[in-house]
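Peer 1: sequence unavailable; structure follows:
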């Protein structure tokens, strides 16, 4: 793969459920190593778009490439190169922390030794070493989110997709979570993240704002603030999303 | 590398199963309960048939017939009536199931020709009436032939004699125990994988799997293999209880039984997985599974013989996998049949297993 190829490239991506167009002709590129914020109100189509990029859902029309592979015909190749953390916590509650991590690392073909190395380093970074033998269902929400991030990135994917990773998490943990994201990004990982928290948008290199299935704004946070002549992303979002008919 | 993934997935399934509060108990408790209780209570042997007799002959022979019926293990003489209408009212009141009328001059006629008795049965409980009247007819014939022998009269007609081969006493249990093991495999190996897979859908963990490069076939295999093992456990528990509690040992080889059980549990778990692939909630999965299990139990020859079904239904049973498993189990258990002799049945199960296995992994969609 050429170095200047984007990590994600999408043209006119569309998903319809019956008469309802969840994602309507969106186009964008995400550069390598970028932290790309995917913003939008509830029901704007963020999760649907992300599921198409991860090879969980077929687009109705349009094209896309992730890590250089086509999202329709090469989705299984994409899956070797990405990590995905879904909005709904989806690790096995009846397995321990370390068992969950071992399971996912084995699926990505990591051998025992590199798993042991990676997991002990990462668990230490997250201060979770003491918890490694606890059942996942018993650990607090904030830790669960960190663990989900860990399991999505344990195989050092090129791109990691995070769907509202900080939902329901306290501000201190959110802050720590973003430190993890920065760390991953500085290691060269591309981060594609959706969020509701507009202060988090400030941490992204670039953000897109989705409204009713369309991308209505896409730029660096500073550029957007300048364009709408406001001082915070919160205000930017309110201006861009004010015509939304879907949000509640 | 592929094997590594399969092993990791199996490790996960085993850990989850062990920590499940119910499943491991069910796997042992259900076969034990079913095998211990059902053969004792669900008994098709007809006993305690009440007979009312109208004796119009009042001879030594007729009294002997009545005494023999009363002495029979299966028959009781509930009353001796003077008139036919009196006897009919005994049947109407439910005090008798079968009415035996001995005509006048019965013993006198017996000297020259084969005499006849009338047997009438209450058809409301069809099984009891039918079998009960046969018992009565047999009892009368038995007494009669004894009486002929004692009096040195040679009769041209020889009594019909029926010997039930392979299950000489027609003990319902011998027939029931192999069938119960089939029922257990249908339920345990059909339901558990379906519930397991649908619960992954409901908890969302299946998304975490679908976004990894794990292949569909590997994932489905990780769902099927544990239920192979469970199938073998269930059959082992069944065999042990059949032997220890009921003294029933298969005449054929254990290999023949286990081979059939392994094939059949694969058939059932593939079916369960296929249904789970198409269901998005537990409720849907369970409901569809029930429909299949109901048809499987009623049409596979488990409770009623396939030979007595209408012709079209007999053709339909060819598509019902447990039919073959039941034939194998009964033949191996009671007749000592071998795998070679039952090759068509084993082949049918093998075909079902391979086809359903393909359907199970194709119908599992990682991307929708």
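Peer 2: Sure thing, it's come through. The shown structure was predicted, so the numbers you read here are calculated from the model rather than taken from an experiment.

Peer 1: look up which residues are beta-bridged to the closest residue to residue B:96 other than its chain neighbours.
Peer 2: In space, and not counting its chain neighbours, residue B:96 is closest to residue B:52: 3.8 Å by Cβ to Cβ, 6 or more residues apart in numbering or on different chains. No exception for glycine: its C-beta is placed from N, CA and C like everyone else's. Using DSSP bridges, the beta-bridge partners of residue B:52 come out as residue B:79, residue B:99.

Peer 1: the closest residue to residue A:126 other than its chain neighbours: what secondary structure?
Peer 2: In space, and not counting its chain neighbours, residue A:126 is closest to residue A:146: 5.1 Å by Cβ to Cβ, 6+ apart. Three-state assignment for residue A:146 (DSSP: H, G, I helix; E, B strand; the rest coil): helix.

Peer 1: how about the one 4 residues further on?
Peer 2: Assigned state for residue A:150: helix (three-state reduction, three-state DSSP).

Peer 1: mind listing what it touches?
Peer 2: A:101, A:122, A:123, A:126, A:128 (Cβ atoms under 8 Å, 6 or more residues apart in numbering or on different chains).

Peer 1: at the geometric centre of chain A, which residue sits there?
Peer 2: residue A:162 (2.1 Å; Cα atoms, centre = their mean).

Peer 1: and the helices in the chain, which stretches?
Peer 2: Going with chain A. With DSSP state H, the ranges of helices along chain A come out as A:46-53, A:75-81, A:97-107, A:112-125, A:141-153, A:171-186, A:198-201, A:221-227, A:233-240.

Peer 1: try again with chain B
Peer 2: B:2-19, B:23-41, B:60-71, B:84-92, B:106-112, B:126-151, B:172-203, B:205-210, B:216-244, B:254-278, B:282-299, B:311-317, B:321-330, B:343-362.

Peer 1: residue A:7: which of the helices of chain A is closest?
Peer 2: Between residue A:7 and the helices of chain A, the tightest spacing by Cβ to Cβ is seen for helix A:75-81, at 9.4 Å.

Peer 1: now render the contacts of residue A:150 as JSON lines, adding neighbour count, pLDDT and distance to residue B:92.
Peer 2: Shown next, in JSON lines, are the contacts of residue A:150 (neighbours: other Cβ atoms under 10 Å in any protein chain shown; pLDDT from 0 to 100; distance: Cβ to Cβ, whole Å):
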{"residue": "A:101", "neighbour count": "24", "pLDDT": "92", "distance to residue B:92": "77"}
{"residue": "A:122", "neighbour count": "20", "pLDDT": "85", "distance to residue B:92": "84"}
{"residue": "A:123", "neighbour count": "20", "pLDDT": "87", "distance to residue B:92": "82"}
{"residue": "A:126", "neighbour count": "18", "pLDDT": "81", "distance to residue B:92": "83"}
{"residue": "A:128", "neighbour count": "20", "pLDDT": "83", "distance to residue B:92": "80"}
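
Peer 1: chain B: which of these is nearest?
Peer 2: residue A:101 (11.2 Å; Cβ to the nearest Cβ).

Peer 1: before we move on, the earlier item: would you mind measuring from the closest residue to the residue nearest to the centre of chain A other than its chain neighbours to chain B?
Peer 2: What sits nearest to residue A:162 in space, not counting adjacent residues and going by Cβ to Cβ, 6+ apart, is residue A:193, at 4.3 Å. Taking Cβ to the nearest Cβ, to the nearest Å as the measure, residue A:193 falls 16 Å from chain B.

Peer 1: again with residue A:22
Peer 2: Noted for residue A:22: a distance of 13 Å to chain B, by Cβ to the nearest Cβ.

Peer 1: the residue nearest to the centre of chain A and chain B, how far apart?
Peer 2: From residue A:162 across to chain B, the span is 12 Å (Cβ to the nearest Cβ).

Peer 1: tell me what that residue is bridged to.
Peer 2: Applying DSSP bridges, one finds that residue A:162 bridges with residue A:85, residue A:193.

Peer 1: could you check how many residues crowd around the residue in chain A that chain B sits nearest to?
Peer 2: Proximity of chain A to chain B (Cβ to the nearest Cβ) peaks at residue A:106, 3.4 Å away. Here the number of neighbours of residue A:106 (other Cβ atoms under 10 Å in any protein chain shown) works out to 23.

Peer 1: tell me if I'm right that it and residue B:10 touch.
Peer 2: No - in this structure, residue A:106 is not within contact of residue B:10 by Cβ atoms under 8 Å, at 10.7 Å.

Peer 1: just to revisit the earlier point, quick check: closest non-adjacent residue to the residue of chain A closest to chain B.
Peer 2: residue B:8 (3.4 Å).

Peer 1: quick one, what contacts the one you found?
Peer 2: Residue B:8 neighbours (Cβ under 8 Å, 6+ apart): A:102, A:103, A:106, A:107.

Peer 1: number of residues surrounding the residue nearest to residue A:162?
Peer 2: For residue A:193, the number of neighbouring residues by other Cβ under 10 Å comes to 25.

Peer 1: pLDDT score for it?
Peer 2: Looking at residue A:193, its pLDDT stands at 94.

Peer 1: next: residue A:2.
Peer 2: 45.

Peer 1: check the gap between residue A:28 and residue A:200 for me.
Peer 2: Taking Cβ to Cβ, to the nearest Å as the measure, residue A:28 falls 19 Å from residue A:200.

Peer 1: could you dump the helices of chain A to a markdown table with distance to residue B:279?
Peer 2: Listed next are those as a markdown table, based on distance: least, Cβ to Cβ, whole Å:
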| stretch | distance to residue B:279 |
| --- | --- |
| helix A:46-53 | 20 |
| helix A:75-81 | 24 |
| helix A:97-107 | 25 |
| helix A:112-125 | 34 |
| helix A:141-153 | 26 |
| helix A:171-186 | 35 |
| helix A:198-201 | 37 |
| helix A:221-227 | 44 |
| helix A:233-240 | 39 |
